[in-house]
Structure formats: C-alpha cells, structure tokens
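Novice: dropping a prediction and its sequence here:
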Amino acid sequence: MSLSEIATRVAAAAARAGRDAAEIELIAVSKVQPDARVQKVLESGHRSFGENKVQEAAGKWPGFRAQFDGITLHLIGPLQTNKTRQAMQLADVIHTLDRPKLANTMARIAQEEGACPDLFVQVNTGEEDQKAGVLPAEADAFIADCQALDLPVKGLMCIPPVDEEPSLHFALLAKIAARNGLSGLSMGMSADFESAIALGATHIRVGSAIFGARDYG
Ligand SMILES: *Cc1c(COP(=O)(O)O)cnc(C)c1O
C-alpha cells in the first residue's frame, strides 16, 4: 500500500472519530527495510520514521539526515541501559521508557548533555511476561517518578498481545494517560491503526503496510 493510501485511511479514521488528522503522526517503521525503500519514502516527502534497534538506526539515519532535512526519528524498540546515550543522541523521540534504571540513566545523561528526546512510557497492557513495559497498576507511580526526574514524558505507548482484541488495550492506555494528564498516545500498527485512532492515538507506528513485508532472511 502506498504512503498516500495510508494517509487517506488515517484521515478517514480521524474524520469518523471527529478528530483532526493533523494531530496524528504517522511513523513509518523502517526497521529491516532496505535503504532504497526508505529513500523512496523520504523522496515522497515523508519525514517521520521509526526504528526498533539502536545499532540499526545508527547505521542508517545519520546518512539520511545528511541528505534530507526535517527528519523525526522515533526509537520504538526495547532499550538496553548501556545504549542509552547513543539512543538519546540519535533519536528525537524514544517510546520505550519502561523501568526505573533506564529513567535514572536518562535523567543523568540529559543533565550531562543538556538535552533529552521526548519520551513515551511503555505500558505492558497485556501483562505479558515476555513483553517490556511497566504494568498498568505501576504506571501512575512510574510516570510520577519520571516527572520528578524532570524527564520530558509526553505520553504512553503499548503493543497489545497478538491474540487479543487491541481496542481493549488502546482504551486502557488512553485511560491511564488521561488520569496522568498525558496527551500523547503511541498505539496502533499496520493491522489496527484505525481502531487506535478511534481511541485517541496521536502516534501510529506503521511498518509493513507502507514498506511491504520485512525480509529477515
Ligand atoms: C515493527 C513494529 C511496528 C510496526 O509493525 P507493522 O505491523 O509492520 O506495522 C510497530 N511498533 C513496534 C514497536 C514495532 O516493533
């Protein structure tokens, strides 16, 4: 599907929800995609991209930034503490703030560097053992701790369990954000971004629908 077809679907979903499509950022998730495909999307004028690995982002994006102005790079994958500084230098937005140790490390580095990307707290809405994110019951306290560290928390992010109705998770995330006074909601991927928009998503993370299937071979 072309980027403009996705944009049309975003606009239609926003209209159905009585929302302004301009308040929804379409993040083109370019992980694992060949540079030529990413380059095409850049040439079409799109500027918001997502990567899930620091190493891959570091290899790809400094070069694209030198070629194209105005890129916003989002890191949407789990972040190892020892890659925090590199991640903070590379990304404009990090969606995976998910534990106290990472918050403390980010706060220290933000002090040292005098800058910090915008942050989203990842919530493990499905309470899955294998998934990153704070548990819903711990979210309020963790958000407050991050704010006490002066971290620029803009919103919340979730990845619903694959075998459950995503809307329930989107609604839960929206509820936790609202009671914490956060306006950003990073939720919705290729298969479910329209229902995420209906439930208030401000950032949708769409990969395969834009770029085609990822070839991990
Ligand atoms: C890969 C990825 C996406 C995009 O998934 P698609 O199904 O290809 O749209 C979104 N969010 C995260 C966190 C991802 O890792």
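Specialist: Ah, there it is.
Novice: going by C-alpha atoms from here, please, whenever you check contacts or count neighbours.
Specialist: Will do.
Novice: what residues of stretch 32-45 count as buried?
Specialist: 32, 33, 38, 41, 42 (16 or more other CA atoms under 10 Å).
Novice: so what's the last one closest to, chain neighbours aside?
Specialist: The spatial neighbour of residue 42 that comes closest, neighbours along the chain excluded (CA to CA, 6 or more residues apart in numbering), is residue 68 at 7.5 Å.
Novice: which of the helices and strands in this structure ranks last by mean pLDDT?
Specialist: The weakest-scoring helix or strand in the chain, judged by mean pLDDT, DSSP states H and E, is helix 208-211 (a mean of 92).
Novice: how about the residues of the protein by the ligand?
Specialist: For the chain, the residues in contact with the ligand (CA under 6 Å from any ligand atom) are 29, 52, 76, 77, 189, 190, 205, 206, 207, 208, 209.
Novice: so which of these belong to helices?
Specialist: When DSSP state H defines the helices, the subset of those inside them is 208, 209.
Novice: of all pairs in the residues of the chain next to the ligand, which one is the farthest apart?
Specialist: Greatest spatial distance in the residues of the chain next to the ligand: 77 and 209, 18.5 Å, computed using CA to CA.
Novice: ok, how many other residues are close to residue 107?
Specialist: The number of residues packed near residue 107 is 20, by other CA atoms under 10 Å.
Novice: in the helix or strand it falls within, what counts as buried?
Specialist: Residue 107 is located in helix 100-113, with elements delineated by DSSP states H and E. Residues 102, 103, 104, 106, 107, 109, 110 are the ones in helix 100-113 that count as buried (16+ other CA under 10 Å).
Novice: can you check stretch 115-128 too?
Specialist: So for stretch 115-128, counting by 16+ other CA under 10 Å, buried means 116, 117, 118, 119, 120, 121, 122, 123, 124, 125, 126, 127.
Novice: tabulate those (CSV), appending distance to residue 170, secondary structure and pLDDT.
Specialist: Putting the buried residues of stretch 115-128 into CSV (distance: CA to CA, whole Å; DSSP: H, G, I helix; E, B strand; the rest coil; pLDDT from 0 to 100) gives the following:
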residue, distance to residue 170, secondary structure, pLDDT
116, 27, coil, 98
117, 24, coil, 98
118, 21, strand, 98
119, 18, strand, 99
120, 15, strand, 99
121, 14, strand, 99
122, 12, strand, 98
123, 11, strand, 98
124, 11, coil, 98
125, 9, coil, 98
126, 11, coil, 98
127, 14, coil, 98
